[in-house]
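Colleague: What follows is a predicted structure for the sequence shown.
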Amino acid sequence: MSDLIEGYLGKTVERKKSRVPAKLDYIQSATGLFLGLFMWGHMLFVSSILVSKDFMYTITKFFEASFIFDGGEPIIVSAIVLFVFIVFIVHAAMGMRKLPSNFKQYQVIKAHADSMGHEDTKLWFIQAFTGFAMFFLGSVHLYIMMTNADTIGPYGSADRVWSAWMWPLYILLLLAVEFHGTIGLYRLAVKWGWFDGSDPKATRKKLKMYKKALTWFFLILGFATLAAYMKIGYEHKQAGKVGERYTPTAQIMMDYNINSGRVA
Ligand code: HEM
Ligand code: HEM
(Lines give C-alpha, C1' and ligand atoms only; values in the text may rest on other atoms or scores of the structure.)
(Ligands and ions follow the chains in the order given, each with its own letter.)
Protein backbone atom coordinates (compact mmCIF):
# COMPACT_ATOMS: atom_id res chain seq x y z
CA MET A 1 0.00 0.00 0.00
CA SER A 2 2.80 2.43 0.92
CA ASP A 3 4.44 1.67 -2.46
CA LEU A 4 1.17 2.59 -4.14
CA ILE A 5 0.94 5.94 -2.32
CA GLU A 6 4.58 6.74 -3.08
CA GLY A 7 4.01 5.69 -6.69
CA TYR A 8 1.22 8.23 -7.10
CA LEU A 9 2.48 11.08 -4.95
CA GLY A 10 6.29 10.70 -5.17
CA LYS A 11 6.44 10.66 -1.34
CA THR A 12 5.84 8.02 1.32
CA VAL A 13 3.09 8.36 3.95
CA GLU A 14 5.78 9.76 6.26
CA ARG A 15 6.35 12.45 3.58
CA LYS A 16 9.80 11.07 2.80
CA LYS A 17 11.23 10.79 -0.70
CA SER A 18 12.75 7.58 -1.96
CA ARG A 19 16.45 6.93 -1.56
CA VAL A 20 16.54 4.84 -4.70
CA PRO A 21 17.76 7.68 -7.03
CA ALA A 22 20.80 8.25 -4.77
CA LYS A 23 21.56 4.53 -4.84
CA LEU A 24 21.24 4.45 -8.62
CA ASP A 25 23.68 7.39 -8.87
CA TYR A 26 26.09 5.46 -6.70
CA ILE A 27 25.81 2.39 -8.95
CA GLN A 28 26.40 4.61 -11.98
CA SER A 29 29.54 6.08 -10.46
CA ALA A 30 30.88 2.69 -9.32
CA THR A 31 30.30 1.02 -12.71
CA GLY A 32 31.68 4.14 -14.49
CA LEU A 33 34.81 4.02 -12.33
CA PHE A 34 35.29 0.32 -13.05
CA LEU A 35 34.84 0.79 -16.81
CA GLY A 36 37.04 3.91 -16.90
CA LEU A 37 39.95 2.13 -15.18
CA PHE A 38 39.36 -1.08 -17.13
CA MET A 39 39.74 0.89 -20.37
CA TRP A 40 43.20 2.13 -19.35
CA GLY A 41 44.31 -1.49 -18.98
CA HIS A 42 42.48 -2.50 -22.17
CA MET A 43 44.21 0.15 -24.27
CA LEU A 44 47.64 -0.78 -22.92
CA PHE A 45 47.12 -4.53 -23.55
CA VAL A 46 45.72 -4.03 -27.05
CA SER A 47 48.61 -1.66 -27.91
CA SER A 48 51.10 -4.49 -27.22
CA ILE A 49 50.98 -4.98 -31.01
CA LEU A 50 53.09 -1.80 -31.27
CA VAL A 51 55.94 -3.62 -29.51
CA SER A 52 55.76 -6.81 -31.59
CA LYS A 53 53.42 -9.57 -32.77
CA ASP A 54 55.13 -11.98 -30.37
CA PHE A 55 54.46 -9.66 -27.43
CA MET A 56 50.77 -9.30 -28.31
CA TYR A 57 50.56 -13.09 -28.68
CA THR A 58 52.13 -13.58 -25.22
CA ILE A 59 49.65 -11.15 -23.60
CA THR A 60 46.72 -12.89 -25.31
CA LYS A 61 47.90 -16.30 -24.10
CA PHE A 62 48.38 -14.89 -20.59
CA PHE A 63 44.68 -13.93 -20.46
CA GLU A 64 43.81 -17.42 -21.67
CA ALA A 65 45.73 -18.67 -18.59
CA SER A 66 48.26 -20.61 -20.69
CA PHE A 67 50.39 -20.84 -17.52
CA ILE A 68 47.75 -23.29 -16.20
CA PHE A 69 46.20 -24.80 -19.36
CA ASP A 70 48.50 -25.92 -22.13
CA GLY A 71 47.96 -23.64 -25.15
CA GLY A 72 45.44 -21.45 -23.28
CA GLU A 73 41.65 -21.54 -22.83
CA PRO A 74 39.82 -18.77 -24.78
CA ILE A 75 36.64 -19.48 -22.76
CA ILE A 76 38.31 -17.62 -19.86
CA VAL A 77 38.46 -14.49 -22.04
CA SER A 78 34.80 -15.01 -23.01
CA ALA A 79 33.91 -15.12 -19.30
CA ILE A 80 35.86 -11.90 -18.63
CA VAL A 81 34.05 -10.21 -21.54
CA LEU A 82 30.69 -11.41 -20.23
CA PHE A 83 31.44 -9.82 -16.86
CA VAL A 84 32.52 -6.50 -18.48
CA PHE A 85 29.44 -6.64 -20.74
CA ILE A 86 27.16 -6.95 -17.69
CA VAL A 87 28.85 -3.97 -15.97
CA PHE A 88 28.55 -2.04 -19.26
CA ILE A 89 24.80 -2.79 -19.52
CA VAL A 90 24.16 -1.84 -15.87
CA HIS A 91 26.09 1.42 -16.37
CA ALA A 92 24.21 2.18 -19.61
CA ALA A 93 20.87 1.50 -17.88
CA MET A 94 21.80 3.97 -15.14
CA GLY A 95 23.03 6.45 -17.79
CA MET A 96 19.70 6.34 -19.62
CA ARG A 97 18.09 8.15 -16.71
CA LYS A 98 20.20 11.21 -17.49
CA LEU A 99 19.59 11.47 -21.23
CA PRO A 100 16.92 13.97 -22.38
CA SER A 101 14.01 11.83 -23.58
CA ASN A 102 12.14 14.36 -25.72
CA PHE A 103 12.79 17.58 -27.57
CA LYS A 104 11.39 19.78 -24.81
CA GLN A 105 13.80 18.33 -22.25
CA TYR A 106 16.69 18.73 -24.67
CA GLN A 107 15.71 22.35 -25.32
CA VAL A 108 15.62 23.15 -21.58
CA ILE A 109 19.04 21.59 -20.92
CA LYS A 110 20.56 23.26 -23.99
CA ALA A 111 19.20 26.72 -23.10
CA HIS A 112 20.40 26.28 -19.52
CA ALA A 113 23.89 25.18 -20.62
CA ASP A 114 24.19 28.00 -23.18
CA SER A 115 23.09 30.66 -20.72
CA MET A 116 25.56 29.47 -18.08
CA GLY A 117 28.56 29.29 -20.43
CA HIS A 118 30.10 26.83 -17.93
CA GLU A 119 32.64 24.41 -19.41
CA ASP A 120 31.80 21.50 -17.10
CA THR A 121 28.13 21.74 -18.08
CA LYS A 122 29.16 21.52 -21.74
CA LEU A 123 31.23 18.45 -20.94
CA TRP A 124 28.02 16.78 -19.84
CA PHE A 125 26.65 17.09 -23.39
CA ILE A 126 29.68 15.29 -24.77
CA GLN A 127 29.13 12.54 -22.20
CA ALA A 128 25.47 12.12 -23.09
CA PHE A 129 26.24 12.01 -26.82
CA THR A 130 29.21 9.62 -26.58
CA GLY A 131 27.31 7.44 -24.09
CA PHE A 132 24.41 7.15 -26.54
CA ALA A 133 26.78 6.22 -29.39
CA MET A 134 28.31 3.46 -27.25
CA PHE A 135 24.96 1.71 -26.80
CA PHE A 136 25.51 0.51 -30.36
CA LEU A 137 29.24 0.63 -30.98
CA GLY A 138 30.26 -0.92 -27.65
CA SER A 139 27.65 -3.69 -27.83
CA VAL A 140 28.84 -4.83 -31.27
CA HIS A 141 32.46 -5.02 -30.09
CA LEU A 142 31.70 -6.77 -26.81
CA TYR A 143 29.45 -9.38 -28.40
CA ILE A 144 32.04 -10.22 -31.06
CA MET A 145 34.82 -10.44 -28.45
CA MET A 146 32.70 -12.70 -26.25
CA THR A 147 31.75 -15.14 -29.01
CA ASN A 148 35.07 -15.06 -30.91
CA ALA A 149 37.60 -14.92 -28.08
CA ASP A 150 39.61 -17.72 -29.72
CA THR A 151 40.39 -15.47 -32.71
CA ILE A 152 42.10 -12.77 -30.61
CA GLY A 153 45.76 -12.61 -31.60
CA PRO A 154 48.16 -10.73 -33.88
CA TYR A 155 46.68 -12.09 -37.13
CA GLY A 156 43.12 -12.86 -35.98
CA SER A 157 42.65 -9.33 -34.58
CA ALA A 158 44.31 -7.70 -37.60
CA ASP A 159 42.09 -9.71 -40.00
CA ARG A 160 39.03 -8.62 -38.03
CA VAL A 161 40.09 -4.96 -38.09
CA TRP A 162 40.90 -4.95 -41.82
CA SER A 163 39.19 -7.81 -43.65
CA ALA A 164 36.08 -7.97 -41.43
CA TRP A 165 35.65 -4.18 -41.66
CA MET A 166 35.86 -3.39 -37.96
CA TRP A 167 38.15 -0.39 -38.41
CA PRO A 168 35.41 2.20 -39.14
CA LEU A 169 33.55 1.05 -36.02
CA TYR A 170 36.75 1.15 -33.95
CA ILE A 171 37.53 4.73 -35.05
CA LEU A 172 34.13 5.89 -33.76
CA LEU A 173 34.26 3.71 -30.63
CA LEU A 174 37.77 4.90 -29.79
CA LEU A 175 36.72 8.57 -30.02
CA ALA A 176 33.55 7.92 -28.00
CA VAL A 177 35.17 5.88 -25.24
CA GLU A 178 38.20 8.13 -24.78
CA PHE A 179 36.19 11.35 -24.45
CA HIS A 180 33.47 9.67 -22.38
CA GLY A 181 35.88 7.84 -20.08
CA THR A 182 38.24 10.69 -19.25
CA ILE A 183 35.43 13.24 -18.86
CA GLY A 184 33.65 10.67 -16.66
CA LEU A 185 36.66 10.09 -14.42
CA TYR A 186 37.19 13.86 -14.15
CA ARG A 187 33.54 14.37 -13.21
CA LEU A 188 33.77 11.57 -10.66
CA ALA A 189 36.77 13.21 -8.98
CA VAL A 190 34.95 16.56 -8.87
CA LYS A 191 31.59 15.06 -7.82
CA TRP A 192 32.95 13.06 -4.89
CA GLY A 193 35.70 15.57 -4.02
CA TRP A 194 38.41 12.91 -4.07
CA PHE A 195 41.38 15.23 -4.51
CA ASP A 196 39.85 18.50 -3.24
CA GLY A 197 42.66 19.24 -0.77
CA SER A 198 42.84 22.70 0.78
CA ASP A 199 42.12 24.60 -2.45
CA PRO A 200 39.43 22.80 -4.51
CA LYS A 201 39.49 25.49 -7.24
CA ALA A 202 43.21 25.00 -7.91
CA THR A 203 42.67 21.22 -7.79
CA ARG A 204 39.92 21.43 -10.40
CA LYS A 205 42.30 23.29 -12.72
CA LYS A 206 44.90 20.58 -12.23
CA LEU A 207 42.34 17.82 -12.77
CA LYS A 208 41.33 19.47 -16.05
CA MET A 209 44.96 19.41 -17.14
CA TYR A 210 45.26 15.68 -16.32
CA LYS A 211 42.00 15.03 -18.16
CA LYS A 212 43.34 16.74 -21.29
CA ALA A 213 46.69 14.95 -21.11
CA LEU A 214 45.06 11.54 -20.60
CA THR A 215 42.63 12.10 -23.47
CA TRP A 216 45.50 12.96 -25.84
CA PHE A 217 47.65 10.10 -24.60
CA PHE A 218 44.98 7.43 -25.07
CA LEU A 219 43.76 8.86 -28.39
CA ILE A 220 47.28 8.88 -29.86
CA LEU A 221 48.03 5.42 -28.47
CA GLY A 222 44.66 4.12 -29.70
CA PHE A 223 45.02 5.45 -33.23
CA ALA A 224 48.63 4.22 -33.50
CA THR A 225 47.42 0.78 -32.35
CA LEU A 226 44.54 0.77 -34.81
CA ALA A 227 46.90 1.77 -37.65
CA ALA A 228 49.20 -1.14 -36.72
CA TYR A 229 46.33 -3.68 -36.87
CA MET A 230 45.13 -2.18 -40.16
CA LYS A 231 48.60 -2.47 -41.71
CA ILE A 232 49.09 -6.08 -40.57
CA GLY A 233 45.54 -6.97 -41.70
CA TYR A 234 46.08 -5.33 -45.09
CA GLU A 235 49.38 -7.19 -45.68
CA HIS A 236 47.84 -10.46 -44.49
CA LYS A 237 45.06 -10.04 -47.03
CA GLN A 238 47.48 -9.14 -49.84
CA ALA A 239 49.37 -12.35 -49.04
CA GLY A 240 46.10 -14.30 -49.35
CA LYS A 241 46.39 -15.56 -45.80
CA VAL A 242 43.21 -14.22 -44.15
CA GLY A 243 42.13 -16.64 -41.41
CA GLU A 244 45.64 -18.01 -40.80
CA ARG A 245 46.65 -17.92 -37.11
CA TYR A 246 49.90 -16.47 -35.82
CA THR A 247 52.74 -18.82 -34.92
CA PRO A 248 55.13 -17.27 -32.37
CA THR A 249 58.80 -16.97 -33.34
CA ALA A 250 59.86 -19.33 -30.54
CA GLN A 251 57.56 -22.04 -31.97
CA ILE A 252 58.95 -21.56 -35.50
CA MET A 253 62.52 -21.88 -34.16
CA MET A 254 61.60 -25.01 -32.23
CA ASP A 255 59.94 -26.61 -35.29
CA TYR A 256 62.95 -25.66 -37.42
CA ASN A 257 65.37 -27.23 -34.95
CA ILE A 258 63.30 -30.41 -34.73
CA ASN A 259 62.90 -30.70 -38.52
CA SER A 260 66.56 -30.11 -39.19
CA GLY A 261 67.51 -32.72 -36.62
CA ARG A 262 69.21 -30.29 -34.25
CA VAL A 263 66.85 -31.32 -31.45
CA ALA A 264 66.02 -34.97 -30.99
C1 HEM B 1 26.17 2.33 -23.53
C2 HEM B 1 27.22 2.83 -22.98
C3 HEM B 1 27.23 3.98 -22.02
C4 HEM B 1 26.26 4.92 -21.71
C5 HEM B 1 24.85 5.07 -22.26
C6 HEM B 1 26.84 5.81 -20.70
C7 HEM B 1 26.20 6.91 -20.16
C8 HEM B 1 26.72 7.72 -19.19
C9 HEM B 1 26.12 8.97 -18.73
C10 HEM B 1 24.84 9.59 -19.27
C11 HEM B 1 26.92 9.45 -17.76
C12 HEM B 1 26.72 10.76 -16.99
C13 HEM B 1 26.18 10.53 -15.62
C14 HEM B 1 25.93 11.81 -14.87
O15 HEM B 1 25.83 12.88 -15.47
O16 HEM B 1 25.83 11.73 -13.65
C17 HEM B 1 28.02 8.52 -17.60
C18 HEM B 1 29.03 8.64 -16.68
C19 HEM B 1 30.22 7.93 -16.70
N20 HEM B 1 30.57 6.96 -17.63
FE21 HEM B 1 29.37 6.17 -19.00
N22 HEM B 1 28.11 5.39 -20.43
C23 HEM B 1 28.40 4.29 -21.22
C24 HEM B 1 29.57 3.56 -21.27
C25 HEM B 1 30.72 3.88 -20.55
C26 HEM B 1 32.03 3.26 -20.76
C27 HEM B 1 32.37 2.17 -21.77
C28 HEM B 1 32.87 3.84 -19.85
C29 HEM B 1 34.34 3.54 -19.70
C30 HEM B 1 35.24 4.31 -20.17
C31 HEM B 1 32.11 4.80 -19.06
C32 HEM B 1 32.60 5.60 -18.03
C33 HEM B 1 31.87 6.53 -17.32
C34 HEM B 1 32.35 7.26 -16.16
C35 HEM B 1 33.72 7.11 -15.50
C36 HEM B 1 31.29 8.11 -15.76
C37 HEM B 1 31.25 9.06 -14.55
C38 HEM B 1 30.31 8.47 -13.53
C39 HEM B 1 29.48 9.50 -12.79
O40 HEM B 1 29.45 10.68 -13.17
O41 HEM B 1 28.81 9.07 -11.83
N42 HEM B 1 30.81 4.82 -19.53
N43 HEM B 1 27.89 7.48 -18.49
C1 HEM C 1 36.80 -7.74 -21.63
C2 HEM C 1 36.32 -6.95 -22.58
C3 HEM C 1 37.10 -6.60 -23.83
C4 HEM C 1 38.01 -7.34 -24.54
C5 HEM C 1 38.53 -8.75 -24.25
C6 HEM C 1 38.44 -6.53 -25.67
C7 HEM C 1 39.40 -6.92 -26.61
C8 HEM C 1 39.82 -6.18 -27.68
C9 HEM C 1 40.76 -6.65 -28.68
C10 HEM C 1 41.43 -8.01 -28.71
C11 HEM C 1 40.94 -5.64 -29.57
C12 HEM C 1 41.86 -5.67 -30.82
C13 HEM C 1 41.07 -5.72 -32.09
C14 HEM C 1 40.27 -6.99 -32.29
O15 HEM C 1 40.70 -8.10 -31.93
O16 HEM C 1 39.16 -6.88 -32.87
C17 HEM C 1 40.12 -4.52 -29.12
C18 HEM C 1 40.06 -3.29 -29.71
C19 HEM C 1 39.30 -2.22 -29.26
N20 HEM C 1 38.43 -2.22 -28.19
FE21 HEM C 1 38.10 -3.76 -26.92
N22 HEM C 1 37.79 -5.32 -25.62
C23 HEM C 1 36.96 -5.32 -24.52
C24 HEM C 1 36.14 -4.29 -24.11
C25 HEM C 1 36.05 -3.05 -24.72
C26 HEM C 1 35.18 -1.99 -24.30
C27 HEM C 1 34.22 -2.04 -23.09
C28 HEM C 1 35.39 -0.95 -25.15
C29 HEM C 1 34.74 0.42 -25.17
C30 HEM C 1 33.47 0.60 -24.91
C31 HEM C 1 36.41 -1.35 -26.12
C32 HEM C 1 36.91 -0.57 -27.15
C33 HEM C 1 37.86 -0.97 -28.09
C34 HEM C 1 38.41 -0.12 -29.14
C35 HEM C 1 38.06 1.35 -29.36
C36 HEM C 1 39.31 -0.90 -29.87
C37 HEM C 1 40.17 -0.46 -31.07
C38 HEM C 1 41.63 -0.50 -30.66
C39 HEM C 1 42.33 0.81 -30.68
O40 HEM C 1 41.99 1.68 -31.48
O41 HEM C 1 43.29 0.98 -29.87
N42 HEM C 1 36.78 -2.64 -25.82
N43 HEM C 1 39.45 -4.89 -27.97
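Modeller: Structure received. Ligands and ions are numbered 1, 2, ... in the order given.

Colleague: Quick check: residue 228 vs ligand 1, distance?
Modeller: Taking C-beta to the nearest ligand atom, to the nearest Å as the measure, residue 228 falls 22 Å from ligand 1. (Each C-beta comes from the backbone N, C-alpha and C, glycine too.)

Colleague: who does the strand or helix carrying that residue touch, helix- and strand-wise?
Modeller: Element membership of residue 228, judged by DSSP states H and E, is helix 200-238. When contacts are defined as 3 or more C-beta pairs under 8 Å, 6 or more residues apart in numbering; DSSP states H and E, helix 200-238 packs onto helix 20-46, helix 154-162, helix 167-191.

Colleague: Could you confirm whether that helix reaches ligand 2?
Modeller: Yes. Applying C-beta under 6 Å from any ligand atom, one finds that helix 200-238 is in contact with ligand 2 at 222, 225-226, 229.

Colleague: average pLDDT across that helix?
Modeller: Across helix 200-238, pLDDT averages out at 96.

Colleague: Beyond it, next helix or strand please.
Modeller: In N-to-C order, the element after helix 200-238 by DSSP H and E is helix 249-259.

Colleague: Check what pLDDT whatever residue of the stretch 151-264 of the chain ends up closest to ligand 1 gets.
Modeller: Residue nearest to ligand 1 within the stretch 151-264 of the chain: residue 184 (2.4 Å; C-beta to the nearest ligand atom). We have a pLDDT of 96 for residue 184.

Colleague: check contacts around it.
Modeller: 32, 36, 127 (C-beta atoms under 8 Å, 6 or more residues apart in numbering).

Colleague: what does residue 109 give?
Modeller: The contact partners of residue 109, taken as C-beta under 8 Å, 6+ apart, are 100, 125.

Colleague: since we're on the closest residue to residue 157 other than its chain neighbours, how many residues are nearby?
Modeller: In this structure, residue 157 finds its nearest non-sequential neighbour in residue 229, 5.9 Å apart by C-beta to C-beta, 6 or more residues apart in numbering. When neighbours are defined as other C-beta atoms under 10 Å, residue 229 has 23 of them.

Colleague: just residue 110 next, same as before
Modeller: Residues near residue 110, counting by other C-beta under 10 Å: 12.

Colleague: three-state assignment of it?
Modeller: When classified by DSSP: H, G, I helix; E, B strand; the rest coil, residue 110 comes out as helix.

Colleague: Going by proximity to ligand 2, name the top residue of this structure.
Modeller: The chain approaches ligand 2 most closely through residue 157 (3.1 Å), counting by C-beta to the nearest ligand atom.

Colleague: quick one: that residue and residue 151 touch, right?
Modeller: Yes. With contact defined as C-beta atoms under 8 Å, residue 157 reaches residue 151; the gap is 7.4 Å.

Colleague: the more surrounded of the two?
Modeller: For residue 157 versus residue 151, neighbours defined as other C-beta under 10 Å are more numerous around residue 157 (21 against 17).

Colleague: returning to that earlier point: what about burial for the residues of helix 200-238 next to ligand 2, which qualify?
Modeller: Buried members of the residues of helix 200-238 next to ligand 2, scored by 16 or more other C-beta atoms under 10 Å, are 222, 225-226, 229.

Colleague: Is it possible to get CSV of those residues that adds distance to residue 73?
Modeller: Output for these, formatted as CSV (distance: C-beta to C-beta, whole Å):
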residue, distance to residue 73
222, 28
225, 25
226, 28
229, 24
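
Colleague: And those residues, which is closest to residue 202?
Modeller: Using C-beta to C-beta, residue 222 comes nearest to residue 202 of those, at 30.4 Å.

Colleague: and that closest one, how far is that from residue 229?
Modeller: Using C-beta to C-beta, to the nearest Å, one gets 11 Å for the distance from residue 222 to residue 229.

Colleague: buried set for the helix holding residue 228?
Modeller: Buried residues in helix 200-238 (16+ other C-beta under 10 Å): 203-204, 207, 211, 214-215, 218-219, 221-222, 225-226, 228-230, 232-233, 236.

Colleague: ditto for stretch 137-157
Modeller: Neighbour-count burial for stretch 137-157 flags 137-138, 141-142, 144-146, 148-149, 151-157 (criterion: 16+ other C-beta under 10 Å).
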